[in-house]
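Enquirer: output the structure for:
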Amino acid sequence: GKPKELSPKATIRSWFGYARPFDRHDWTVDRCGKTVRYIIDFYNGQPTPEAQMQGAVSMYMDVRPALDSFEAFIDRARMAMNECLPSQPKRR
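Expert: Just a heads-up that it's a prediction; the model follows:
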């Protein structure tokens with residue numbers, strides 16, 4: 001991991017008072033023959049009271065394609081649109 005190296009997104013979020021991730025990983029994934037780099041930021045999560053009593057660990061992972069190609073930019077834009085817009089039922 002790269003715990004001391006913040007991703008650009010984590011850096012910007014930290015400027016606005018959001019928590020910094022406790023770790024970062026860069027992974028490469030083969031997507032149908034094309035190598036795509038992903039950034040994974042690991043944040044401390046909010047465990048439920050039941051999980052706390054059992055000693056469970058809670059974390060949040062922010063996983064996204066690295067912005068190192070035009071295709072990665074399009075993937076990220078699609079992800080943002082899917083998060084912002086309510087899903088529409090498919091027409092038959």
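
Enquirer: residues touching the residue nearest the centre of the chain, list them.
Expert: Note on the chain: the residue nearest the mean C-alpha position is residue 62, at 1.9 Å, using CA atoms, centre = their mean. Under the criterion of CB atoms under 8 Å, 6 or more residues apart in numbering, the neighbours of residue 62 are 9-10, 21, 40-41, 43. Where C-beta positions appear, they are placed from N, C-alpha and C, glycine not excepted.

Enquirer: measure it to residue 42 for me?
Expert: Distance, residue 62 to residue 42, using CB to CB, to the nearest Å: 8 Å.

Enquirer: over to residue 11?
Expert: 15 Å.

Enquirer: so which of these two has more stuff around it?
Expert: residue 42 (17 against 11; other CB atoms under 10 Å).

Enquirer: work out for me the element that one sits within.
Expert: Secondary structure assigned from DSSP states H and E places residue 42 in strand 34-44.

Enquirer: list the buried residues of that strand.
Expert: Buried positions in strand 34-44, judged by neighbour count with 16 or more other CB atoms under 10 Å: 36, 38-43.

Enquirer: can I get that strand as CSV, trimmed to CA atoms?
Expert: Taking C-alpha atoms only, strand 34-44 is exported to CSV below (Å, rounded to 0.1, in the frame of the first residue of the first chain):
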residue,chain,number,x,y,z
LYS,A,34,-7.1,-4.3,-21.7
THR,A,35,-5.1,-3.4,-18.6
VAL,A,36,-6.8,-0.7,-16.5
ARG,A,37,-5.3,0.9,-13.4
TYR,A,38,-7.6,1.4,-10.4
ILE,A,39,-7.1,3.5,-7.2
ILE,A,40,-8.4,2.1,-4.0
ASP,A,41,-8.6,4.4,-0.9
PHE,A,42,-9.4,2.7,2.4
TYR,A,43,-11.3,4.7,5.1
ASN,A,44,-12.3,3.8,8.6
